[in-house]
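*Asks:* Let me see the structure of the following:
(chains A and B, ligands or ions: 5)
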Number of protein chains: 2
Amino acid sequence: MQTQPLTIRMHDKDNVAIVANDGGLPAGTVLPNGLVLKDRVPQGHKVALVDLPRGQAVLRYGVPIGYALEDIASGSWVHERLLDMPAARGLEDLPISTEKAAPLPPLEGYTFEGYRNPDGSVGTRNILAITQTVQCVAGVTEFAVQRIKAELLPRYPNVDDVVALEHGYGCGVAIDVPDAIVPIRTLRNISLNPNFGGEVMMVSLGCEKLQPERLLPPGSLPVVGQRGGVQGDAKPSVVCLQDDSHTGFMSMVASIMRQAETHLERLNARRRETVPASELVVGVQCGGSDAFSGVTANPAVGFCTDLLVRAGASVMFSEVTEVRDGIAQLTARASTPEVAQGMIREMAWYDAYLKRGGADRSANTTPGNKKGGLSNIVEKAMGSIVKSGSAPISGVLSPGEKLKTKGLTYAATPASDFICGTLQLAAGMNLHVFTTGRGTPYGLAAVPVIKVATRSDLARRWHDLMDVNAGTIADGSASIEEVGWELFRFMLDVASGRKKTWAEQWKLHNALVLFNPAPVT
Amino acid sequence: MQTQPLTIRMHDKDNVAIVANDGGLPAGTVLPNGLVLKDRVPQGHKVALVDLPRGQAVLRYGVPIGYALEDIASGSWVHERLLDMPAARGLEDLPISTEKAAPLPPLEGYTFEGYRNPDGSVGTRNILAITQTVQCVAGVTEFAVQRIKAELLPRYPNVDDVVALEHGYGCGVAIDVPDAIVPIRTLRNISLNPNFGGEVMMVSLGCEKLQPERLLPPGSLPVVGQRGGVQGDAKPSVVCLQDDSHTGFMSMVASIMRQAETHLERLNARRRETVPASELVVGVQCGGSDAFSGVTANPAVGFCTDLLVRAGASVMFSEVTEVRDGIAQLTARASTPEVAQGMIREMAWYDAYLKRGGADRSANTTPGNKKGGLSNIVEKAMGSIVKSGSAPISGVLSPGEKLKTKGLTYAATPASDFICGTLQLAAGMNLHVFTTGRGTPYGLAAVPVIKVATRSDLARRWHDLMDVNAGTIADGSASIEEVGWELFRFMLDVASGRKKTWAEQWKLHNALVLFNPAPVT
Ligand SMILES: [Ca+2]
Ligand SMILES: [Ca+2]
Ligand SMILES: [Ca+2]
Ligand SMILES: [Ca+2]
Ligand SMILES: [Ca+2]
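*Replies:* Numbers count the residues shown, from 1 in each chain, chains lettered A, B, ... in the order given. Ligands and ions are numbered 1, 2, ... in the order given. Presented below is the predicted three-dimensional model:
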């Protein structure tokens, strides 16, 4: 595509830039600034802009992503074997809420068509969810779901889908140790996702450790005034397979279908209404990252994050090991010292969790990251954090907790795409934005996943899997702001059901994968 | 059903017995030996046969399952709140291979109809497995599997099914810490399960941590002489979604379908042949246990385990936390000191794993266990171990390892039904036996699961989910030996494809749930 050599430098201080051209650039290429490449530099990989003597800090995003292990001449390919990774920033003496930027100007007048729920939240889809206490019941539930889809769903055209919330938890686990709260509240809060309209039903085995009242304690379902006139004590519908009333497999299936029909009727009566953009609860994430993630897609998402915050919406960014090296930026951006301390607490917890298992944050990076030009976790983190834009960070969530505030929140989760997505679902996300450089067909059954490609080449080849192309930023054919606005408008269309994501189109549904830091038994 | 009061005592030394009658027995009931019940005793629960002064050992299976916390009068209900649980037996000074019983007499002439594989193993089903390096590809693979089932499978009538080996591992994990070997070898060895005939194919994303050659290193697939005449370097067929050759979603689906067709053709050409019963590789497990598990179903399975060992077959029993309290019995039964040391090593590893997470073996028991009469993990363990019968223990496997020997093996796994089943699949099981008292509809896509009910009441109500009723042993209408033989014959029928299990009938497929003791990132 590009005939001119094209490199991207992120910060004035940077002494490296990345090569943007498809296929990289050969040795001998003369860059517009006169620099001659000494090596072939693959696309997304770094070139030294000046001589970097051994021990010199290699700067990207204005920060040291490593120290030269040998003398690196200007014009050389700076790959990961030439860099000594810095140690993780300690969690003491961090700048706390020091960044006092002027508040972002409000953005008004943007709306979408959503399903208003009894608890005030808003769904972007209208889905019957069947939550489960334990993996044991997954086979029976799946059998019932197939029949519900075939026999009942066609009669309830306003209901988008029936989704079984299958998972690998619920029994054979140490359920009384402190860390067990993480998977338990994750499952509970997923059941309360706004896209399920408070109409969740439950299938239980009977003898499992995660009993129905532990999964959804009385009072955890929102008040449903219409539900038989009862206010304040809405109880979930539970089908218990071991119940004495069940004789034979088909009686279990019939119980599930009967309960489903009640909920389908109520869900079917719901209609979309115009609501302000502030009702969006967006989880942003990256996966299959390359060096363009932090240059194109993540900055565009960051710009869009600012738009969402300005519109009064909720945005979560996550992935502990991918922000760990930027903790000083984050604590500085915290709106209050409590928020800063909350982020430090989450980082310290995760540091200890990894250490217990013999690992540290550097276990994050993948073969694909390195192939894509990301030398180490520091460089990856700097490119990951930009998804959070520039707004003050006004909230912190522990893994599996439910979001209760607007604005920009740091929702602590592992960086694992499917675990992060599962935890953001639990936090109450009604729209997911996912950037990818190497490419992933990731999707969720419960919430639309908008996928943003970091490179035009990926967007072209995966034309029916990528929803937005941020590669135009590297091509020079669009600005970060333009792609950010395109994404923002697409989000309102998807949230309204006017447009579907590609993952929805093909029904690509990844599994819920729980974060369980506690032992199994 | 029973009109006479019926109690079951397991060992001459026992000072408690359990009530067998449906619905339990009311206070005032006079037992055949003249003892009068002081309390109502629920079915499966214990009655004191003599006065048990405070501090007295309460004996079941001839061992102390606890110590009386207060004076318990003879005829009283001995429930879990009256028992102080003994500490776990230390792992020092255990009896090592001390039990020198006469070898069991060989059992000859039993056969089944199985699929002989290139590596010498035998399948009980003929299944196309699509293994996956990472959760990211699960949605695309599932889409392709639906199309393969609809469009290709009908043309290959000798192939039983197409199964996607979906899992939550592969990326976002600390893959280089020592404990990561457990999930990796589990996935590898599941791909090599005998029911897949060495024809496994693989879907990879491209940038994931678990690269195809790490999941299935060269040489891990069996030699396939027929496969293009190539001996010794059979490589798995890998579809890599990020491959440059893919343009658009449908090209990925087409790649998977094309690979599938090659394998379907070869699988379809296979025929069952008569093989000795020694080719069975049976995993035994219990789940949803009650006090009858250790009285009816597990002893019948234990008898059948002896039949299988006598026939030269392979049998695995598992569930670390459910045998931990019986470690002295197991080390005594070890055929060699190495096997005894292997079991001690597995127990020590699991003790440390649980301790690191703030738990111990007592975290195993469930609300259903206690409701069903099992006071604590010691009592549960004594009833669980009897599945292993009386043969010498001649092998030990660490979690996820592949079984290479005949006879009785202790395959160390968590007790979690789905995790244990997943690990026994990895060990190479071609038939699964699962006993249950409370009832579970558990099933697997890869291997038939025979479910054995501990009580006639459960077998009656779950008549189309339970394959064998061992409750007849408590009713007095069949002996342990009779049910053991019935199970053995049923196993040969199921292994031969002459009979289907109920879980197969309804296609009840639980998820693969990996044991990952390492951190996620
Ligand atoms: Ca990421
Ligand atoms: Ca991620
Ligand atoms: Ca068990
Ligand atoms: Ca079990
Ligand atoms: Ca599934």
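*Asks:* going forward, measure contacts between C-alpha atoms and count neighbours the same way
*Replies:* OK.
*Asks:* what number of residues lie near whichever residue of chain A sits closest to ligand 4?
*Replies:* Ranking the residues of chain A by distance to ligand 4 (CA to the ion) places A:Gly172 first, at 7.5 Å. By the measure other CA atoms under 10 Å in any protein chain shown, the count of residues near A:Gly172 is 27.
*Asks:* check contacts around it.
*Replies:* A:Lys209, A:Val520, A:Thr521, B:Asn364, B:Pro414, B:Ala415, B:Ser416, B:Asp417 (CA atoms under 8 Å, 6 or more residues apart in numbering or on different chains).
*Asks:* Angles on the backbone of the residue most central in space within chain A, please.
*Replies:* Centroid check for chain A by CA atoms, centre = their mean gives A:Gln285 as the closest residue, at 3.5 Å. Main-chain torsions, A:Gln285, degrees, to the nearest 10: phi -150, psi 160.
*Asks:* Three-state assignment for the nearest residue to it once chain neighbours are set aside, please.
*Replies:* Using CA to CA, 6 or more residues apart in numbering or on different chains and skipping the chain neighbours, the partner closest in space to A:Gln285 is A:Phe434 (4.9 Å). Of the three states, A:Phe434 takes strand under DSSP: H, G, I helix; E, B strand; the rest coil.
*Asks:* Quick check: A:Phe434 vs A:Cys207, distance?
*Replies:* Separation of A:Phe434 from A:Cys207 (CA to CA, to the nearest Å) stands at 38 Å.
*Asks:* Now for A:Lys370: which residues touch it?
*Replies:* Counting by CA under 8 Å, 6+ apart, A:Lys370 has contacts A:Glu80, A:Asp290, A:Asn376.
*Asks:* Make TSV out of those residues and add neighbour count and pLDDT.
*Replies:* Below are the contacts of A:Lys370 laid out as TSV (neighbours: other CA atoms under 10 Å in any protein chain shown; pLDDT from 0 to 100):
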residue	neighbour count	pLDDT
A:Glu80	19	93
A:Asp290	29	90
A:Asn376	24	93
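*Asks:* Secondary structure and distance to ligand 3 added to the residues you listed, as JSON lines?
*Replies:* Shown next, in JSON lines, are the contacts of A:Lys370 (DSSP: H, G, I helix; E, B strand; the rest coil; distance: CA to the ion, whole Å):
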{"residue": "A:Glu80", "secondary structure": "helix", "distance to ligand 3": "48"}
{"residue": "A:Asp290", "secondary structure": "coil", "distance to ligand 3": "45"}
{"residue": "A:Asn376", "secondary structure": "coil", "distance to ligand 3": "44"}
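*Asks:* how about the residues of the stretch 401-521 of chain A near ligand 2?
*Replies:* A:Ala415, A:Ser416, A:Asp417 (CA under 5 Å from the ion).
*Asks:* Measure how buried the last one is and give me the count.
*Replies:* Going back to what we said before, that points to A:Asp417. A:Asp417 - counted by other CA under 10 Å - has 23 other residues nearby.
*Asks:* For it, which non-adjacent residue is closest in space?
*Replies:* A:Gly287 (6.0 Å).
*Asks:* what about that neighbour, neighbour count?
*Replies:* So A:Gly287, with other CA under 10 Å, has 25 neighbours.
*Asks:* From A:Asn369, how far out is it?
*Replies:* In terms of CA to CA, A:Gly287 sits 9 Å off from A:Asn369.
*Asks:* ranges for the strands of the stretch 201-350 of chain A?
*Replies:* A:201-204, A:237-240, A:273-276, A:281-286, A:314-317 (DSSP state E, counting those that start in this stretch).
*Asks:* Quick one: these as TSV, columns for mean pLDDT too.
*Replies:* Compiled in TSV, those are given as follows (pLDDT from 0 to 100):
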stretch	mean pLDDT
strand A:201-204	97
strand A:237-240	94
strand A:273-276	98
strand A:281-286	98
strand A:314-317	98
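*Asks:* Now the ones you listed in a markdown table, please, with extra columns for distance to A:His11.
*Replies:* A markdown table is the format used below for those (distance: least, CA to CA, whole Å):
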| stretch | distance to A:His11 |
| --- | --- |
| strand A:201-204 | 51 |
| strand A:237-240 | 56 |
| strand A:273-276 | 36 |
| strand A:281-286 | 21 |
| strand A:314-317 | 22 |
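*Asks:* JSON lines for these, including distance to ligand 2?
*Replies:* Converted to JSON lines, the strands of the stretch 201-350 of chain A look like this (distance: least, CA to the ion, whole Å):
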{"stretch": "strand A:201-204", "distance to ligand 2": "29"}
{"stretch": "strand A:237-240", "distance to ligand 2": "34"}
{"stretch": "strand A:273-276", "distance to ligand 2": "29"}
{"stretch": "strand A:281-286", "distance to ligand 2": "5"}
{"stretch": "strand A:314-317", "distance to ligand 2": "10"}
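*Asks:* so which of those strands comes closest to ligand 1?
*Replies:* So among the strands of the stretch 201-350 of chain A, strand A:281-286 is nearest, using CA to the ion, at 3.9 Å.
*Asks:* Could you confirm whether the helix or strand bottoming out on mean pLDDT in chain A reaches ligand 2?
*Replies:* Lowest mean confidence among the helices and strands of chain A (mean pLDDT, DSSP states H and E): helix A:367-371, at a mean of 88. No - using CA under 5 Å from the ion, we find that helix A:367-371 stays clear of ligand 2, coming within 11.8 Å at best.
*Asks:* Just the buried residues of that helix, please?
*Replies:* Across helix A:367-371, burial judged by 16 or more other CA atoms under 10 Å in any protein chain shown covers A:Gly368, A:Asn369, A:Lys370, A:Lys371.
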